[in-house]
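In: when you get a sec, could you give me coordinates for this:
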Amino acid sequence: MSDFFVKLMRYSNEKENTFTECLAEALRSDPALCKRFLGELAAAERGDRRPAGIRAVGTQVPFPPGSCVDMVIRTAGMSIGVEHKLWSPEGRGQLAKYLQLPLDRIAFVTAYEAPGLDDVKDHPAYLRPRSGRLHFMWHDFQPGVEESASASSGTLTRALLALFRHLGFESPPDTIPDLWALDAQAQRGNRLQFARLWEKAEAGLRARGWRRLRRARLAGLTYRADESASVERVWLDPTTIRGSLRIRLSPRRGLSADQIASRVERASVSFREHLVITQEGASRASGRAVVVDVLVSLPTLLGDLTGAEPIAQRLGDYTLAIIDAAA
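Out: As a prediction, the model looks like this:
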């Protein structure tokens with residue numbers, strides 16, 4: 001049963017809502033998990049405003065006129081609205097609107113570094129993590145989930161831990177540099193170091209007649225396919241979704257994202273049971289387009305590998321297998 005939530009996510013077309021329901025049900029079922037989750041969420045609170053004890057956890061909570069908050073946690077003396085994002089961006093002005101609702105606090109939790117929070121970051125009701133970032137990320141809560149799963153026999157807590165691992169919400173392997181270091185200079189150096197690990201993947205893409213467009217955000221790559229491929233270009237992206245490698249596949253004109261996603265889903269590729277496949281909107285010179293994102297947790301993908309050569313080989317073998325299945 002520990003893979004129950006993973007299976008629900010795999011078969012769901014509403015992955016963010018499904019994730020929210022899994023998290024909320026695990027919180028309801030495990031008081032110790034609730035306490036740890038709330039402790040992390042309200043770590044910056046001091047004195048009388050620090051909440052204690054969850055009384056209720058609601059999901060998709062409506063507020064007039066026309067607002068719906070992903071999760072609302074109610075304690076003995078405080079109500080906290082939590083907006084969840086896995087991969088999709090925050091709606092324009094969404095958090096600012098939520099800060100006007102009859103809730104004591106608002107928190108924002110994502111799997112990626114979200115830009116454009118200047119309008120809310122200093123609001124007295126906006127919760128921020130102790131790390132100093134402008135919003136929470138799911139890996140902030142992973143230690144509490146793991147500690148609760150280790151101490152509890154609760155099925156749903158263990159299922160939540162498995163889901164966090166499946167989605168890459170755990171510490172990246174020690175065998176790669178920290179691609180998300182808060183210090184900008186350290187982050188840049190680490191990403192440049194990781195970029196050297198694409199040697200095998202690049203050799204394979206060139207052998208297939210693909211050509212490199214550019215390095216993407218230092219640690220990633222963007223390649224354009226030859227004219228015979230069903231995919232027009234691919235972005236190998238280890239940084240946007242923290243803890244995961246994302247392969248973004250752009251279908252060639254005339255082909256749908258559904259077709260590309262179906263090819264990957266049916267392919268006999270390594271780590272197939274660990275893949276998360278989504279379709280997202282992306283900006284193109286010709287307008288908006290639907291692309292296919294294939295994600296896998298970096299700890300799952302790289303496992304216990306050590307040394308640049310084995311890691312580069314694993315990255316190359318995996319990414320080329322996904323690209324071949326799609327193209």
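In: please make it C-alpha for all contacts and neighbour counts, starting now.
Out: OK.
In: in space, what's closest to the residue nearest to the spatial centre of the chain - neighbours in sequence excluded?
Out: Nearest to the centroid of the C-alpha atoms of the chain, with distances taken as Cα atoms, centre = their mean, sits Ala111, at 3.3 Å. Distance criterion Cα to Cα, 6 or more residues apart in numbering; nearest residue to Ala111, sequence neighbours excluded, is Leu86 at 5.1 Å.
In: which SS state does the one you found fall under?
Out: Put simply, Leu86 is coil when judged by DSSP: H, G, I helix; E, B strand; the rest coil.
In: contacts only, for it.
Out: Residues near Leu86 by Cα atoms under 8 Å, 6 or more residues apart in numbering: 16, 110-112.
In: which of the residues you listed sit farthest apart?
Out: Glu16 and Tyr112 (13.7 Å; Cα to Cα).
In: between the two, which is the more surrounded one?
Out: Neighbour totals were compared for Glu16 and Tyr112, and Tyr112 leads with 22 against 17 (other Cα atoms under 10 Å).
In: my guess is the more buried one contacts Pro89. True?
Out: No: under the criterion of Cα atoms under 8 Å, Tyr112 makes no contact with Pro89, lying 9.1 Å away.
In: rewinding a little: so which of the contacts of Leu86 are in helices?
Out: Secondary structure defined by DSSP state H assigns Glu16 of these to helices.
In: neighbours of the closest residue in space to Ile73 that isn't next to it in sequence, just the number please.
Out: If you skip the residues right next to it in sequence, Ile73 has Val57 as its closest partner in space, 4.7 Å away by Cα to Cα, 6+ apart. Using other Cα under 10 Å as the criterion, Val57 is surrounded by 20 other residues.
In: now do the one 5 residues further on
Out: Neighbourhood size, Pro62 [other Cα under 10 Å]: 11.
In: now do the contacts for it.
Out: 68-69.
In: helix, strand or coil for it?
Out: Assignment for Pro62 (three-state DSSP): strand.
In: what's across from it in the sheet?
Out: Taking DSSP bridges, one finds Cys68 as the beta-bridge partners of Pro62.
In: again, but for Glu280
Out: With DSSP bridges as the criterion, Glu280 is bridged to Val291.
In: so what's it up against?
Out: Applying Cα under 8 Å, 6+ apart, one finds that Glu280 lies in contact with 88, 290-293.
In: tell me the most packed of the residues you listed, by neighbour count.
Out: Across the contacts of Glu280, the neighbour count under other Cα under 10 Å reaches its highest value at Val292, namely 26 neighbours.
In: other SSEs contacting the longest helix along the chain?
Out: Secondary structure assigned by DSSP H gives helix 308-326 as the longest helix of the chain. In terms of contact count using 3 or more Cα pairs under 8 Å, 6 or more residues apart in numbering; DSSP states H and E, helix 308-326 is assigned the packing partners helix 199-207, strand 231-237, strand 244-251, helix 257-266, helix 298-302.
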